[in-house]
Each structure stands twice: as C-alpha cells, then as structure tokens.
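> Fold the following, please.
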Amino acid sequence: MITGIGLDVCKIARMEELLKDDRFLSRYFCPEEQEYIRAKGQSAADTMAGIFAAKEALVKCLGTGFADTKLQDIVVLHDKYGAPCYELRGAYQMHAAQRSITSLHLSITHDGGVAAAVCIAERAEK
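Okay, the predicted model is just below:
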C-alpha cells in the first residue's frame, strides 16, 4: 500500500556553484555520496542536483521536514546498473520505521538544466 509520495526539483546551475564548496558537500552528503559525485567528472553537478532532489523528495514523502535531523542520514546509493535507491540512517530510519514503511522507491532524472526526483513509500497491507 502506498503511504506517501514526494517530488522535488533542483537547478543544476545552483549545484555547479555549490560543488566548489567542500563545506556544503560535507554538510549535506555522506562520504559515499561525495565520492560518487566527485567521480562523475563533467556531470558531477547533474548528479549532485539529482541526489539533493532525492533527499528533499524523501523528506516530503515522509512528511518529517528537516528539524532535528541531518541530510547525511538520507543516503542515495546506486546499484550496479546505476539505479538509485535509499539507505536511511539515524532519525530518518526511525521515522520510516514509525510509519511502518517497508520499501521506498526512487527515480531521478536530469534535463534542461534541472534535476528532479520522486520518492514513493510503501507499507505492507494489514
């Protein structure tokens, strides 16, 4: 059963500027994400914008906001085919468990200078 949906967009040009700021990277992205972003070379800003939008989409999906949490606890990983997925840690893992969420689905796209992400949360039917 679907229990939540979140959508977010992020301008890639904004991330191009912030990519130069290591403080921004370390504040919002965990070490695995930082490594993944930096490894993308010319498309690093596109990737960074997509991951940032994915984090925002999850927060909207859960309805939790950012209070008393840190965005590094929402980790966006990629499987061997490049498909994105979430790994929740800390407060976000707790928020998902409290809502009985059993799976999260994530899709990210980039086009026309914008990255977008959608998150869908499911829980088992009772």
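> Show me which helix runs longest in this protein.
If you go by DSSP state H, the chain has its longest helix at helix 44-62.
> Which secondary structure elements does that one sit against?
strand 2-11, helix 12-18, helix 31-38, strand 74-78, strand 84-88, helix 90-98, strand 103-111, strand 114-122 (3 or more Cβ pairs under 8 Å, 6 or more residues apart in numbering; DSSP states H and E). C-beta here means a position set from N, CA and C on the backbone, and glycine is covered the same way.
> How far away from the center of its chain is it?
Here helix 44-62 is found 4 Å from its chain centre; the criterion is Cα atoms, centre = their mean, to the nearest Å.
> same check, this time on stretch 27-37
11 Å.
> How about the contacts made by the residue nearest to residue 113 when sequence neighbours are not counted?
If the residues on either side of it in the chain are set aside, residue 113 comes closest to residue 12, at 5.2 Å by Cβ to Cβ, 6 or more residues apart in numbering. When contacts are counted by Cβ atoms under 8 Å, 6 or more residues apart in numbering, residue 12 is found next to 45, 46, 49, 110, 113, 114, 115.
> Widest-spaced pair of the residues you listed?
45 and 114 (11.6 Å; Cβ to Cβ).
> Where does the prediction get shaky in the protein?
By pLDDT under 70, the low-scoring segments of the chain are 126.
> Contacts only, for residue 20.
So residue 20 contacts nothing (Cβ under 8 Å, 6+ apart).
> Residue 99 now?
Counting by Cβ under 8 Å, 6+ apart, residue 99 has contacts 3, 4, 62, 121, 123.
> So the fourth one versus residue 82, what's the distance?
Relative to residue 82, residue 121 is positioned 22 Å away (criterion: Cβ to Cβ, to the nearest Å).
> now do the second one
Residue 4 sits 25 Å away from residue 82 when distances are taken as Cβ to Cβ.
> And for the last one?
From residue 123 over to residue 82 the distance is 27 Å, taken as Cβ to Cβ.
> of these two, who's got more company?
Set side by side, residue 123 and residue 82 show more neighbours around residue 123, with 15 against 7, by other Cβ atoms under 10 Å.
> so that one sits right up against residue 97, yeah?
No. Contact criterion Cβ atoms under 8 Å: residue 123 and residue 97 do not qualify, at 10.5 Å.
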